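[1] Need a 3D model of the sequence below.
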Amino acid sequence: MLRRVRQSLRQVLYLMARRPALLCGAIVLSVLLILAVKFTCSRAKNVVAAARPPLRFFSAEAPVIDLYMGQLDQVERIRSVAEVSLIFFYAPWCAHSMAARQELQLVAKKLAKQVQFVAINCWWSQGLCRKKNRLYQYPIVHLFYRRFGPIEYKGPFVAPYMESFILRVITPLTYLPSRATLKEFLSYHEPRVVGFFQFNSSPQPPGYITFLSSALQALKRDFRGAIRFGVVTNKQVAEAISLQEDETVYLHRRLNSSLIFPRRERNFTSHAICSWVFEHRETILQWLQPPGTKSRLLEHELTKGPALLLFLPHNPLGSKPNPILQEVADIAVRYHSCDDKYSSSDEYFTSRSLCCQTVVLPESSTSVCEVCLSLSPRGSTSSSTCCSFPSAAQGGEVQQSYLKHCCLHQLPASVSVQTSAGCSNFLNGYSPFIQYSACCRKVEPHLNNESSWQAKEGPDMQRVPLPPSPSSTPLSSAPQQEGDGITGLRCQTNRTLRFYVLDVALNWPLAVRLGASGNRSTPHDQEAGVEGSSDGSFATIVNLKDEVHYVLHRSPATTLTESLEAFIRNFSSPYSLLQRHLVGEEDKKGAEREDERPDERPDERPDQHRPSPPRRLITELTTASFLPSVMDPQKDVLLFYYTQWCGFCSVLNHVIIQLARLLQGNGTITVAKVNVARNDLPWEFMVDHVPSVLLFPRYRKHLSVKFPDDLPITLPNLLHFVLQHSGSSHYADKPVTPSGEADGPGASAVLRAEFLVLQKEVQALHHARERLSQQLAQLWRENRRLTFDAQSLAAENAELQRERHILEEEHREKSRQLGEAVRRLQELADTSENLLNENALLRILLRALKGRTDAEMERKEEEQKRSHMAS
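    Presented below is the predicted three-dimensional model:
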C-alpha cells in the first residue's frame, strides 16, 4: 500500500516538474477557493437579521397589564397581589388573539376593580414564557382564585360569555338565607348542590373552605358551570331539605332520590366531593358548544341515539333565568319523569299501565281509533293473562271487528261500551281497578305545522278517563291537561330522545344547515323569529341511525311548550306523522320566474305578452323542484343521478348533452339531472350508486324504469332506452262515457287523438334522424379532413426523418474530422514538447562548448603571453 502511494507521489512530482505552469495554476486556484470560503463564512452571521423587539398588544388605556416581552416571572408576583386574576396568553400574529383582544378589553373595563387582567406574549423567542411553556394554540385564558388555579376557559371568546364565566369564578357559591331562596334555587333543572355550614364557632368552618374548593373544582372540570353550588348557614333553612348535621353536602335530584355526601365512606376533600357530584348528577338538558373548527363533538353525541337540538337565545353562563329555557326544562323534566310523584292529580290516566290498540277506521284512511285498557297500580297483580276488548253495545258496532287482543295483568269486568257525545270516545262502566277508553280522532299530516295538539283537534279530542271511584269528578268535567301526553314518555317508547341546547347567537349557521330559515340579519339579532317563532328559538330532531331529521315548524298562535310537546309526541308515536326534512340547494332560477311575485295579478303583469324564455337543454333539479318536475304526468323525464366528486359522471356529461340535443325538439321528453350529494331526495327516489339513469314515463310514474347496469351508457343505448319505455297517450286517464256511446264518436275521437300523438312522435323521430344524419355527415367530413391532415403530417414527418439522417451523417463526419484534428494537434503538441526539450539540451551543450572554447582561448592567450614574455 505504501509502495503504491509512493509511486503515485513520484508520478505527481514528475508531472509537476514537467509542467510547472499547471502547478502554478493549481496553487493559485486553491488559494482563491480558500479565500472565498473564508470570506463567505465570515459574513454568514450577518445574513439573518435579528428579530425586532415586540410591541404592545393592548392599548395603553385598557386596564390590562401587557407583558409583551414574555416576562413570565412577573406573573407570579402580580397574581399573588390580586384575589382573582386572569392570565391571557396570546401570539401577536394570531387572528383569534386579535379578535379576543377587543372582547377582553370590554370585559376588563367592567371588572377592572374586581379582577386583575394580565396579558403575556408567549410567542417571542427571547421571552421566558416561550422558553418554559409549549402552547399549541392561541389564545389561552387561565383564571386564578386566590391560590386555586388555573381554571382554563374553553368557551367562545365573546364578552358576555367571558364576563359571566369570570363572575362565576368570583362567586362560586350562592348564599341561601331563607327557605324561599332555597326553594327557588332548587327549582331549576340544573344539578344543585347545597352545603350546610354553621358559622357560630369560627368565622370560617374548616369544611366551608373545602366546599368552596369543590365548587371551583367543578368549574375547572366543566367551564359551563352546569352544576350550581349553594351554601346554607341557618339550621331552620337546612331542615327544609332534611339536613341536621353541620358540614353536610346535599345533592338535589329531580328524577331520583336526592343524596347526601357519605363522609364515612369517602374523604371530605374538594376532589372527592367534585367526583361524587359528577358521578351521581342528573343531566336533563345538556349544553353543546361546537368549537367552530373540525371537531367530532356533534358526532359523539348524535351516535348515542335520537337527539332533540334546541337553539335558544340564552347564555348558559349567565346568572339570570331565561323563561324560554325554563319552559324547555319543564318539558324535559316531565319527559324523563317516569314516576307518579311528578304527575298531578289530574294526570291519573298516564300513570296507569296501558294496553292500547290503534285501529284505522274503515270509512277513512286518515282516521284512527286508539282503544286503551288501563289498570290501576294498586290493582296490578303478578299474574299476566290475555284479554280482549269487550263487545260494543251502543255506537260501537263498526269498530267491534277491528279491536284486537292484547295482554293485561287482569281480565276486565263485563262492561257496556257507550259513545260519548262530546267526541268519539267509548267508555266503560265503573270498576275500581280497570278502565276502558277509546278515542277516535282524525289524523292530519304536518300536525306540528298547525297550532297545538288541543287547538288543532278541538276540545272533543281529549281523552276522558274514568275515575277510579264513584266519588270522583264526572267525565265531562275532567279534561286532560296538555302536558299529560308527554309526562313519562321516555319510559313508554323505544325512541328515547336526548335533549341538547345550543346558543342560537353563536350557532346560527348550524341551525340554517339543519333547516332554519336563513333570513336572519346577524347572529346576535334576537328580535327576528326562527321558523315562525317570535322568541328566536329553533328545534329539530336528528336521528343519525335512520339518517333523518325533522324540523319543528311553529305557528304564531301556539306557544313553545305546546308546539314542542306535540313535536315530541309525534316523533315518539308509532304512527308518526312527522315528515323528513330534506336539505337541498336553493333554486337559483326561482327569482326569475313569473310566479315569484304573488302580489301581482296575472292580468296586471306588463310582460304577459312577452315570449316565453327558451327551453333549457338539461334541467338541473334540486330538492324543492324534484317532485314537481319528475312527477309531471305530461312529461317523460329522463333523470341522471350524479355527484361533483364522481369521475365517471363527468365522463358521461357529453353523452347526456348529445342526447338532450337530439330530444330537444320533442316537448314531451325532459332530460334532467340531480346532484345527490347536495340535494336530499325521498327514500323511494334514491339510488345505490352513481352514475345512474332512471326514466319516469308520462301517465305511468309508478312504473319508473332504471337503465340496465350491464349496458354501457352510450348515446345509441340511451336513445333506444328512452324510445322503448317512454309513455304514450294510451295510458292517459280517459273520461268515463255511457255504455251506449262507448263505440260511437267518442272511441273514434280517442283513436284520432292517439293517431295524432303518434304522428307527432314519428315526426319528432324523423327530425331527430335528420339531425343525426347531419351530425354524422359533419363527423364524416371532419374525419376526411383529419385523414388528409394526417397524411400531410406523415409526409412532413418522413421528410423530417430524412433530414435528420442527413444531419446525423454530417454530425458523424464532423466528429471524425474533429477527432483527427485533435489527434494531430496532440501530435504537434508532443513534437513541440520534444523540440523544446531538445532545444534546452542544445542550449546546455552550447553553453558547455562555449565555456570550453573560452577556456581554451584564455589558455592559449596565457601561453602566448608567457612565450612573449619569455622572448
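[2] For residue 142, pull up the helix or strand it's in.
    strand 140-145 (DSSP states H and E).
[3] ok, residues contacting that strand?
    79, 83-89, 149-153, 157, 162, 165-166, 169-170, 172, 216 (CB atoms under 8 Å, 6 or more residues apart in numbering). In this view, the C-beta of every residue, glycine as well, is placed from N, C-alpha and C.
[4] Could you tell me which of those belong to helices?
    Counting by DSSP state H, these place 79, 162, 165-166, 169-170, 216 in helices.
[5] ok, so of those, who is nearest residue 300?
    residue 165 (23.5 Å; CB to CB).
[6] what about that closest one, how many neighbours?
    A count of nearby residues for residue 165, using other CB atoms under 10 Å, gives 25.
[7] and if you look at residue 6?
    10.
[8] ok, now the one 3 residues further on?
    The criterion is other CB under 10 Å. On that basis, residue 9 has 10 neighbouring residues.
[9] Could you do residue 115 as well?
    Neighbours of residue 115 (other CB under 10 Å): 23.
[10] Am I right that it is in contact with residue 86?
    Yes - using CB atoms under 8 Å, residue 115 is in contact with residue 86, at 5.6 Å.
[11] Overlap in contacts, those two.
    Common neighbours of residue 115 and residue 86 (CB under 8 Å, 6+ apart) are residue 166.
[12] before we move on, back to that, from the ones in helices among the contacts of strand 140-145, which single one is nearest residue 654?
    residue 162 (57.0 Å).
[13] For the closest one, give its distance to residue 686.
    Going from residue 162 to residue 686 by CB to CB, to the nearest Å gives 46 Å.
[14] more neighbours, the two?
    residue 162 (24 against 11).
[15] The closest residue to that one other than its chain neighbours is in what secondary structure piece?
    For residue 162, ignoring the flanking residues on the chain, the nearest one in space by CB to CB, 6 or more residues apart in numbering is residue 107 at 5.0 Å. Secondary structure from DSSP H and E places residue 107 in helix 95-111.
[16] Report the angle between that helix and strand 140-145.
    30 degrees (axes from the mean of the first three to the mean of the last three CA atoms, to 10 degrees).
[17] so where do the strands sit in the stretch 601-750 of the chain?
    619-621, 636-642, 669-675, 692-696, 705-706 (DSSP state E, counting those that start in this stretch).
[18] Can you show me the helices along the stretch 651-800 of the chain?
    Using DSSP state H, counting those that start in this stretch, the helices of the stretch 651-800 of the chain run over residues 653-662, 715-725, 745-870.
[19] what about the shortest one, distance to the chain center?
    Distance of helix 653-662 from the chain centroid (CA atoms, centre = their mean, to the nearest Å) equals 36 Å.
[20] For it, output the C-alpha coordinates as CSV.
    Written as CSV, here are the backbone C-alpha positions of helix 653-662 (Å, rounded to 0.1, in the frame of the first residue of the first chain):
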residue,chain,number,x,y,z
ASN,A,653,-71.7,14.6,-19.4
HIS,A,654,-71.1,14.8,-23.1
VAL,A,655,-73.3,11.8,-23.7
ILE,A,656,-76.2,13.4,-21.8
ILE,A,657,-75.7,16.7,-23.6
GLN,A,658,-75.8,14.9,-27.0
LEU,A,659,-79.0,13.0,-26.0
ALA,A,660,-80.6,16.3,-24.9
ARG,A,661,-79.8,17.9,-28.2
LEU,A,662,-81.4,15.0,-30.1
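[21] and stretch 714-724, which residues are buried?
    718-719, 721-722 (16 or more other CB atoms under 10 Å).
[22] how near is the closest residue to residue 637 other than its chain neighbours to residue 706?
    Spatial nearest neighbour of residue 637, excluding adjacent residues (CB to CB, 6+ apart): residue 696 at 4.4 Å. Using CB to CB, residue 696 is found at 11 Å from residue 706.
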